[in-house]
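Asker: Build the 3D model from these lines:
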Amino acid sequence: MADQKAKLARKKRAKTPEGSPQSSAEKLPSDSASESLPGEFAWVREIAAEAGRSPSATELLERGHQLLRTLIDLLPDFIFVKDTQCRFLVANRSLAKAYGRWPAELLFRTDADFMPPPIAAHCLAAEQQVLAGKSVSAWEDTVCFPDGRTRTVVTNMSAFRDAQGTVRGLVGIGRDITRRKQAEQLLRHANRTLQAIRDCHEAMLRAGTERELLDEICRIIVQSGGERMVWVGFVEKNSRKNVRPVASAGVSSDHLRNARVTWANVPRGRGPVGTAIRTKRPSVCHNTQTDTNFAPWRASARRHGYGSVLALPLLADQCCFGALAIYAPEPDSFDAGEQLMFTDLANDLAFGIHTLRLRAERETLEAEILKSSEREQERIGRDLHDGLCQLLVGAKFRSVYLQKISRDQIPEVEREAKALETLLNQAIEQARNLARGLNPVHVTPAGLVAALQQLAADVESAHGVHCFAQFLKPVEICDYHTTYHLYRIAQEAVQNATKHARARNISIALTRSDHRLRLIIKDDGVGLPRVPRKIGMGLNNMRTRARIIGGRLEIRRRRLGGTVVSCELPAS
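Answerer: Predicted coordinates for the structure are as follows:
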């Protein structure tokens, strides 16, 4: 190759007469100068040399232009050059394709020739700022292009000038970041979904009732998850197989009222909710305006802005008892990953509902047992007061009469009759105390206070311990059930302190503050064991009574010894 180049050079010198000057248009840079030329001129020189001729300056420029044109046409970015009238001078293939044209069709035409007037005016305003000397950097805009696609484009534009510094036009490059924006939106949506699921799990741990749980779950998915509407429906086992809405959140005012969803295999049962209940599998409506099975609710979905729907069955023991329906504002909002996450949430929600129902059944049963026990205690108390006490009083009168008739005749009988009277007085007092303890609280506003004071006095006289009831301010409770259960809690706590803790001092306090009632029983006994033992019936009964009246029972060790039992509940 080197020999060939040398021969070609000698032939060239032989053909050119010595001293004949070449035209300036055909004059090539010297070898030393060519080392500083751009790369495209070097390969043009080599090609021309192999062909046995010298490339002209025009050819060099054309070759460079072709190389530059090929380069910008290969780039996926939108590259353009415009004159001072904002007409295209250069447009690469990517931009021309977005306009639905060939690059040559864009030349010497403006955006107004291809785009709707509002979009064209928007672009023109930005370009005029550039021509006025203000560069545009990272200008992000969402535009519907003539090819029908809406793209988010970030554009950089700058004016170009001639040798005298006069603005001759502008050059710009735009990058289509639509996919990046879509990925960011999907990531934000996924993060919102994960946050909503975390919040829902926390709500399941805190919920006390089924209705409270369902309302909170719907609210969280709408607010944290960014969904348009969420509702929960339960299956009704009637002839029409209705789905009854029990909780909802979001934009759902009249949609649910007129939805009339069923889980039967009829037009109003072939939507996502009915299908999910009937098949026991998740069901998705990707587009509410095109899905034929969503036709009965299409107008309402358009009016409320529902784009897609995901319905998830609520299962317990392989039986579907309801569905969780999630309405998103955009079509195709629920991909496979999101469906899987919401399916796990629905399964956890179903388990939570089932657990709350079992807890409610247990609490109802415990309440019935307590009521039955209370009725039996009241009956025994009445029998003691009306039966045994009266018999003892009658026996006491007979002993008094026996003393009277034997006073001067039989001294021994008189002494025995007097001793018998003393025993009968004690038996009467104990029977009355038992009757009072079995049915202690009088239904008056101050009934609980009086009963607690009597409890303290009875414990002090019966067990020889210092027991006192303190009330800094008058506390009145008009509800009989609340007063009764609070008394029984105090009675059980005091009995535990005297029998098991061997306490010498016991205090009973009842306070009202910040719309809360607090019953506190303190003792200085041996306290709770550091290693918890099996909870007895007494403690279970105290917790059940506190739960029945909407309170919270707490039992803890005192720092200096002894035990504190407290029950706190709303004052209402």
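Asker: Does Leu420 lie in a helix or a strand, and which?
Answerer: Element membership of Leu420, judged by DSSP states H and E, is helix 411-438.
Asker: Tell me the helices and strands packed up against that helix.
Answerer: With contacts taken as 3 or more C-beta pairs under 8 Å, 6 or more residues apart in numbering; DSSP states H and E, helix 411-438 sits against helix 336-383, helix 389-405, helix 447-463. (Glycine included, C-beta is placed from N, CA and C.)
Asker: one more time with 6 Å
Answerer: Helix 411-438 sits against helix 336-383, helix 389-405, with contacts defined as 3 or more C-beta pairs under 6 Å, 6 or more residues apart in numbering; DSSP states H and E.
Asker: Worst mean pLDDT among the ones you listed?
Answerer: Of all those, mean pLDDT reaches its minimum on helix 389-405 (a mean of 74).
Asker: Let me know the angle separating it from helix 411-438.
Answerer: Orientation note: helix 389-405 sits at an angle of 160 degrees relative to helix 411-438 (axes from the mean of the first three to the mean of the last three C-alpha atoms, to 10 degrees).
Asker: Chain neighbours aside, what residue packs nearest to Leu539?
Answerer: Closest residue to Leu539 apart from its sequence neighbours, by C-beta to C-beta, 6 or more residues apart in numbering: Ile555 at 7.1 Å.
Asker: Confirm that the one you found sits in a strand.
Answerer: Yes - applying DSSP: H, G, I helix; E, B strand; the rest coil, one finds Ile555 inside a strand.
Asker: what's the pLDDT at it?
Answerer: 90.
Asker: Same question for Ser20.
Answerer: Looking at Ser20, its pLDDT reads 40.
Asker: Kindly report the same for Trp43.
Answerer: Trp43 is assigned 50 on the pLDDT scale.
Asker: helix, strand or coil for the residue nearest the centre of the chain?
Answerer: Centroid-nearest residue in the chain: Ala196, 2.8 Å away (criterion: C-alpha atoms, centre = their mean). For Ala196, the secondary structure call by three-state DSSP comes out as helix.
Asker: switch to numbering from 4
Answerer: Noted, 4 is the first residue going forward, which turns the last one into Ala199.
Asker: which residue sits closest to it, ignoring its sequence neighbours?
Answerer: Gly228 (3.6 Å).
Asker: For the one you found, which residues are in contact?
Answerer: Gly228 makes contact with Arg195, Thr196, Ala199, according to C-beta atoms under 6 Å, 6 or more residues apart in numbering.
Asker: my hunch is that it is in a helix, does that hold up?
Answerer: No - going by three-state DSSP, the assignment for Gly228 is coil, not a helix.
Asker: and the gap between it and Ser97?
Answerer: As for Gly228, its distance to Ser97 is 37 Å (criterion: C-beta to C-beta, to the nearest Å).
Asker: quick one: average pLDDT of the stretch of helix or strand Arg281 belongs to?
Answerer: In this structure, Arg281 sits in helix 275-282 according to DSSP H and E. The pLDDT scores in helix 275-282 average 95.
Asker: Could you list the buried residues of that helix?
Answerer: The neighbour-count check on helix 275-282 (16 or more other C-beta atoms under 10 Å) flags Pro275, Val276, Gly277, Thr278, Ala279, Ile280, Arg281 as buried.
Asker: Rebuild those residues as JSON lines, extending it with distance to Val146.
Answerer: Formatted as JSON lines, the buried residues of helix 275-282 follow (distance: C-beta to C-beta, whole Å):
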{"residue": "Pro275", "distance to Val146": "34"}
{"residue": "Val276", "distance to Val146": "39"}
{"residue": "Gly277", "distance to Val146": "41"}
{"residue": "Thr278", "distance to Val146": "39"}
{"residue": "Ala279", "distance to Val146": "40"}
{"residue": "Ile280", "distance to Val146": "44"}
{"residue": "Arg281", "distance to Val146": "45"}
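Asker: Of these, which is the nearest to Leu391?
Answerer: Nearest to Leu391 out of the buried residues of helix 275-282 is Ile280 (C-beta to C-beta; 61.8 Å).
Asker: how far away is that closest one from Phe237?
Answerer: The spacing between Ile280 and Phe237, counted by C-beta to C-beta, is 10 Å.
Asker: Repeat that for Leu368.
Answerer: The value you get for Leu368 to Phe237, if C-beta to C-beta is used, is 23 Å.
Asker: These two: who's more crowded?
Answerer: When Leu368 and Phe237 are compared for neighbours, Phe237 comes out ahead with 17 against 10, by other C-beta atoms under 10 Å.
Asker: and that one, that's in a strand?
Answerer: Yes - when three-state DSSP is applied, Phe237 is found to be in a strand.
Asker: In the sheet, which residues pair with it? Tell me.
Answerer: Counting by DSSP bridges, Phe237 forms beta bridges with Arg247, Gly325.
Asker: For it, give me its contacts.
Answerer: With contact taken as C-beta under 6 Å, 6+ apart, Phe237 is in contact with Arg247, Val249, Gly325.
Asker: shaky segments in this protein?
Answerer: Along the chain, segments meeting pLDDT under 70 span 4-58, 256, 388-389, 411, 435-436, 438-449, 533-539, 575.
Asker: domain assignment for it?
Answerer: 78-179, 187-362, 445-573 (automatic domain parsing).
Asker: For Gly397, find the nearest of those.
Answerer: Going by C-beta to C-beta, the one of the domains of the chain nearest Gly397 is domain 445-573, 25.0 Å.
Asker: What is the distance between the closest one and the centre of its chain?
Answerer: Here domain 445-573 is found 39 Å from its chain centre; the criterion is C-alpha atoms, centre = their mean, to the nearest Å.
Asker: since we're on Glu215, how many residues are nearby?
Answerer: Applying other C-beta under 10 Å, we find 14 residues neighbouring Glu215.
Asker: and what of the one 4 residues further on?
Answerer: Here the number of neighbours of Glu219 (other C-beta under 10 Å) works out to 19.
Asker: Which of the three states applies to the residue lying closest to it once chain neighbours are set aside?
Answerer: Spatial nearest neighbour of Glu219, excluding adjacent residues (C-beta to C-beta, 6+ apart): Ala206 at 4.3 Å. When classified by three-state DSSP, Ala206 comes out as helix.
Asker: Roughly how far does Ala206 sit from Glu230?
Answerer: Noted for Ala206: a distance of 16 Å to Glu230, by C-beta to C-beta.
Asker: Between those two, point out the one with more neighbours.
Answerer: Glu230 (25 against 19).
Asker: and that one, what does it touch?
Answerer: Glu230 neighbours (C-beta under 6 Å, 6+ apart): Ile224, Ile329, Ala331.
Asker: Let's see that with 7 Å instead.
Answerer: Contact analysis of Glu230 by C-beta atoms under 7 Å, 6 or more residues apart in numbering lists Ile224, Gly253, Ile329, Tyr330, Ala331.
Asker: so which of the residues you listed is the most crowded?
Answerer: Busiest of those [other C-beta under 10 Å] is Ile329, holding 29 neighbours.
Asker: Surely that residue forms part of a helix?
Answerer: No - per three-state DSSP, Ile329 lies outside any helix segment and is strand.
Asker: Report the beta-bridge partners for it.
Answerer: For Ile329, the residues forming beta bridges with it (DSSP bridges) are Val233, Leu313.
Asker: where do the helices sit along the stretch 454-575 of the chain?
Answerer: 483-502, 540-551 (DSSP state H, counting those that start in this stretch).
Asker: so which of these is the most packed in?
Answerer: helix 483-502 (a mean of 21; mean count of other C-beta atoms under 10 Å).
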